[in-house]
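**Student:** the sequence isn't on hand, but the structure is:
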């Protein structure tokens, strides 16, 4: 059991985990400040006989301080986050050399379409496998997501990638796996009574292993 | 409605010849309507809690027969074992009941009705009859929603957010009548809120007592007023969307069905255009009432009254333009994500201002640990956690990872339970004497507070951990995923804590009912507060004042050097006070 984010297995883990940590530090400071302050006031200013509270309506200086500091922090955080957001999800973020894979979601399975030996989707050597996503390591992958029926959501926690698959829309999402291994792809949008079992296995393979698998799978598909 | 009638308080002191039905059932008295909302929404709070307990049973002990589950029909839980189709009904109805039929009416239905006329010094709402209709359409909505649990293929199954096309097409969700009843009920509850909002806005603008200027309004009234404006902007959109959804379900339109040319994301935009203001509808009144209670409990004027007012307005405005942050990964244009992220992050600023001002109010105070005050302090402590965890998902790249996970579930419960519900546990005993003329037990109130505080944190804090680990929401059995199996001990811990949390609420309910008849008589002003309502007998009589009071100052003059006591009521005329211009509509 982990007490932190899942294992790191894509290029997105750097910026996203870094940002998560930064926010944890910022909010952690605010959290300690407020909770310790509250506790301190509760103990120190508890009611005692004969005492009267300090009569004040506030302080403009204090208001300015605790308006400006959060404001500056939040705008800075927004700018930094946006920088990474544009890199990860921006309209032009998908690397031009990304390897295409089609994923068609339907209640309750993932239909993964591979480009076949020619490396292009939409050609005759494409083939489809249910609930198995094989990707080569160290290479940007662009997933063309579509849905048959309802909204599903493509989520691989170890890649920090999530994108809804919406019926009537063609949405592209990309990622680049960094660690070979077996992972799970889950549906993270309630899609009906089988939502909980709409999962697929993700195999991150070296390019050689991937090519070998591709050759075999393409043959099986055509036979 | 026999419950309301059976527990009604003694007749008001002055002569009142309305029939029993007019007085307690089809009443136009804002206080009775508030109390009607209180009883009905406490009942729905219990229903929502019971649904949650069943979910927690399944998550903690998947596939095991639930104790008492044998009474459920085969279509839900054969032999007491919860089925996936029943589980998604549970999560849908838990969210729906808690948001629309428990927290929202408890905060707005109860306290906007009860407090606004009492605190601004008027006889009743501007439109008492509309007010009555607001309650009865809410009541009808609740009955429709409740009945959907008992129809053949069960209640709605698409989550409380009712994402289309799952919700729009019966062949996709597996439920038909239940889905339609959901839409009908939401249309009715929207009507209730719209009628209520119109009333609250009109009353606050027109019916303030002489001398009750805008900046002498208590923050509770400010927050309820701003909430009503938000409600009026948001609820019609929900009602419209629910009507479109109902049309999709029953008369064959395809607004939300892409297979026939509709748009799936249209529902999300409409829903969240309502749904995010709704989040603030669920927290602003809590903030307002907690402000009143913290000033009272600290025996100090509220720190930074004006910035508190501006913060309420700012939160409401920002809350109205951030709906897209629920849709960062929905396929919405990512550039929109950037602007929604910034507006969302900026909400942290007025929220921080409010938190620091509550602390400023307690600073150098003379803090009295009454049950309302304890719960109000817990509100601040817990709301902070919910507010800060919101920053994680506001940052779009981080949201990619934690969206639709238990991290979100933890966040929203820290705001809705840690925030709104703790505020209600403060507000209910605080204004109970003015409703019923008696006090709730302080001792049992404290027992309830401490147990709730502990079990609440044990229930919801660990959800941050499983959420960080990637546990998705709304899974019937997370153990389907290998990477989620190691978290099962945490899920068991959460479930046991949740059962204890639920059991603890029995203390609250018993205290509530027992005190109606046996509580200590409260007198006029048990909390030594400055508000106008505390000048009235407890319970306050029909029509409130014979002659509306005159207001000489703001509501937070605690420990003023002008008087020897540590409070100074708004109506008390000191030699230095000038008579306000009496040209107010309220005096007739």
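**Tutor:** That came through, no problem. Just so it is clear, the structure is predicted and the values come from calculations on it, not from any experiment.

**Student:** quick check: pLDDT value at the residue lying closest to residue A:30 once chain neighbours are set aside.
**Tutor:** Excluding the flanking residues, the one nearest residue A:30 by C-beta to C-beta, 6 or more residues apart in numbering or on different chains is residue B:388, at 5.9 Å. Any C-beta I mention is one placed from the backbone N, CA and C, and that applies to glycine too. Among the per-residue scores, residue B:388 shows a pLDDT of 97.

**Student:** could you do residue B:24 as well?
**Tutor:** So, for residue B:24, pLDDT stands at 85.

**Student:** my read: the residue nearest to residue A:30 touches residue A:31, true?
**Tutor:** Yes: the criterion here is C-beta atoms under 8 Å, and residue B:388 meets it with residue A:31 at 5.7 Å.

**Student:** which one of these two is surrounded by more residues?
**Tutor:** Taking other C-beta atoms under 10 Å in any protein chain shown, residue B:388 and residue A:31 do not tie; residue B:388 has more neighbours (24 against 17).

**Student:** Provide the secondary structure category for the more buried one.
**Tutor:** Following DSSP: H, G, I helix; E, B strand; the rest coil, the label given to residue B:388 is helix.

**Student:** how much space between it and residue B:355?
**Tutor:** 10 Å (C-beta to C-beta, to the nearest Å).

**Student:** run a quick neighbour tally on the residue nearest to residue B:243 when sequence neighbours are not counted.
**Tutor:** Ranked by C-beta to C-beta, 6+ apart and with sequence neighbours excluded, the top spatial neighbour of residue B:243 is residue B:187, at 6.1 Å. Look at residue B:187: counted by other C-beta under 10 Å, it has 20 neighbours.

**Student:** for the residue of chain A found nearest chain B, give me phi and psi.
**Tutor:** In chain A, the residue that lies nearest chain B is residue A:168 (2.6 Å; C-beta to the nearest C-beta). The phi/psi pair for residue A:168 (degrees, to the nearest 10) reads phi 90, psi 0.

**Student:** stretch B:315-324: how far from the chain's middle?
**Tutor:** From the chain centre to the centre of stretch B:315-324 is a distance of 18 Å (C-alpha atoms, centre = their mean, to the nearest Å).

**Student:** so is it next to chain A?
**Tutor:** No: Stretch B:315-324 lies out of reach of chain A by C-beta under 8 Å from any C-beta of the partner chain, never closer than 11.2 Å.

**Student:** what's the end-to-end length of that stretch?
**Tutor:** Length of stretch B:315-324, first residue to last, C-alpha to C-alpha, to the nearest Å: 16 Å.

**Student:** strands of chain A, residue ranges please.
**Tutor:** Secondary structure of chain A, counting by DSSP state E: strands at A:99-106, A:109-114, A:127-130, A:132-136, A:141-147, A:152-156, A:161-165, A:171-175, A:181-187, A:199-205.

**Student:** name the strands paired with the longest one and say parallel or antiparallel.
**Tutor:** Here the strand partners of strand A:99-106, with direction, are listed using DSSP bridges: strand A:109-114 (antiparallel), strand A:141-147 (parallel).

**Student:** and the angle for it with strand A:181-187?
**Tutor:** Orientation check (axes from the mean of the first three to the mean of the last three C-alpha atoms, to 10 degrees): strand A:99-106 against strand A:181-187 gives 40 degrees.

**Student:** in strand A:99-106, what's buried?
**Tutor:** A:99, A:100, A:101, A:102, A:103, A:104, A:105, A:106 (16 or more other C-beta atoms under 10 Å in any protein chain shown).

**Student:** center of chain B, which residue is that?
**Tutor:** Among the residues of chain B, the one closest to the centroid is residue B:103, at 2.8 Å (C-alpha atoms, centre = their mean).

**Student:** which intervals of the chain have sub-threshold pLDDT?
**Tutor:** Using chain A here. By pLDDT under 70, chain A has no low-scoring segment.

**Student:** chain B is the one I meant
**Tutor:** Those would be B:1-16, B:582-588, if you go by pLDDT under 70 across chain B.

**Student:** setting the sequence-adjacent residues aside, check what's closest to residue A:222.
**Tutor:** In space, residue A:222 is closest to residue A:127, 7.2 Å off (C-beta to C-beta, 6+ apart).
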